[in-house]
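Engineer: below are the sequence and a predicted model; questions follow.
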Amino acid sequence: MIRSLVRENFKLIDKNEEVSSIFGYLYEDRFFPIVTDGKKPWGIVDIRKLLKRKLSINERLEDFVVGLPKIDASYSIRKAKQVMLKSGQPYLLVTYEGEPIGYITALDIAMNLGYKRAGDIMKKISPLKEDDRVSTAINELRKRNVTVIPVVDGKKLAGVVRARDLIKIETTHDKKTDYHPEKTSPLDMQVKGLMERGIRIVEPDAKEELVKIIDKQGFAIVCEGGEYKGLIELFDLLR
């Protein structure tokens, strides 16, 4: 049964709430927001949908929601995996006697049913360069359908840019900076000024280390000899 795997750090938020109500989750990972339609759990916010030009913090959550499948706490882990694979989402809402008690992730399933080596499940996402613009990063994340994208210096990994950091730019990019108010927009910044450094990486043969890093970072970057090779996100663990 999956009852023992349930994560309880969730918060129910009505679909009519302003999108700003989940910024605490996006920026600090304080809780996992489950969007409701009235009293009924409805779905989760797709971070990729938030990456749109001139996002207003007053917009409603309902415009950025994707469905979240529900499973009963009595389900087996294998059955939960089947449901997750069919949904294409790396999360499942868990209920008991019809009420939500938490959620599980693809990581929880993989840690119990097994997973492949990093090199076998990684996605070969084309990286950004340090001097690429923030606007380019936003467009690439939309096009690649990912929530994080690697940044390289030559062939070596320099860091990553996360969708959640770009959302901060999207909600404030109409504001000018102090030093060149007439010319400068955050969208014209180079990504090296925004990227996250010090990312823990894995080699293509990694397995146990892979899940430890995804549990900590939410993703893994595969490198060989320091050279970038690919990206692994939560759902990829089920491949």
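Structural biologist: Yep, that arrived. Numbering: from 1, shown residues only.
Engineer: sec struct for Leu12, please.
Structural biologist: Taking DSSP: H, G, I helix; E, B strand; the rest coil as the rule, one finds Leu12 in the strand state.
Engineer: what sits against it?
Structural biologist: The contact partners of Leu12, by C-beta atoms under 8 Å, 6 or more residues apart in numbering, come to Ile34, Thr36, Pro41, Pro100. Every C-beta, even on glycine, is put in place using the N, C-alpha and C of the backbone.
Engineer: same question for Gly226.
Structural biologist: Lys156, Leu157.
Engineer: so Thr147 makes contact with Leu141?
Structural biologist: Yes - contact criterion C-beta atoms under 8 Å: Thr147 and Leu141 qualify, at 7.2 Å.
Engineer: can you give me the domain boundaries for the chain?
Structural biologist: The chain resolves into domains spanning 3-113, 118-238 when parsed by automatic domain parsing.
Engineer: on that earlier part again, overlap in contacts, Thr147 and Leu141.
Structural biologist: Arg48, Ala163.
Engineer: so which of the contacts of Leu12 is the most crowded?
Structural biologist: Ile34 (21 neighbours; other C-beta atoms under 10 Å).
Engineer: worst-scoring helix or strand of this protein, pLDDT-wise?
Structural biologist: Within the chain, no helix or strand scores below helix 23-28, which has a mean of 76 by mean pLDDT, DSSP states H and E.
Engineer: so what are the sheet partners of the next helix or strand after it and their directions?
Structural biologist: Heading C-terminal from helix 23-28, the first helix or strand you meet, by DSSP states H and E, is strand 32-37. According to DSSP bridges, strand 32-37 forms sheet pairs with strand 10-14 (parallel), strand 40-45 (antiparallel).
Engineer: so what touches strand 32-37?
Structural biologist: Strand 32-37 has contacts (C-beta under 8 Å, 6+ apart) with 7, 9-15, 21-22, 25, 41-45, 61-62, 65, 68, 91, 93, 100, 103.
Engineer: rerun that using 10 Å as the cut-off
Structural biologist: For strand 32-37, the external contacting residues (C-beta atoms under 10 Å, 6 or more residues apart in numbering) are 7-17, 21-22, 24-26, 41-45, 61-62, 64-66, 68, 91, 93, 100, 102-103, 105.
Engineer: centre of the chain to that strand, how far?
Structural biologist: 16 Å (C-alpha atoms, centre = their mean, to the nearest Å).
Engineer: where does Gly98 fall, phi/psi-wise?
Structural biologist: Per-residue torsions, Gly98: phi 80, psi -10 (degrees, to the nearest 10).
Engineer: same check on Leu238?
Structural biologist: According to degrees, to the nearest 10, Leu238 has phi -90, psi 0.
Engineer: sorry, back to before: looking at the strands paired with strand 32-37, which is buried most?
Structural biologist: Highest mean neighbour count among the strands paired with strand 32-37 (mean count of other C-beta atoms under 10 Å): strand 40-45, with a mean of 19.
Engineer: what residues does that strand touch?
Structural biologist: The contact list for strand 40-45, computed with C-beta under 10 Å, 6+ apart, reads 10, 12-15, 19, 21-22, 25-26, 32-37, 61-70, 89-91, 93, 95, 99-100, 103.
Engineer: what's Pro90 in contact with, if anything?
Structural biologist: Pro90 sits next to 44, 84, 104-109, 218, 233-238 when contact means C-beta under 10 Å, 6+ apart.
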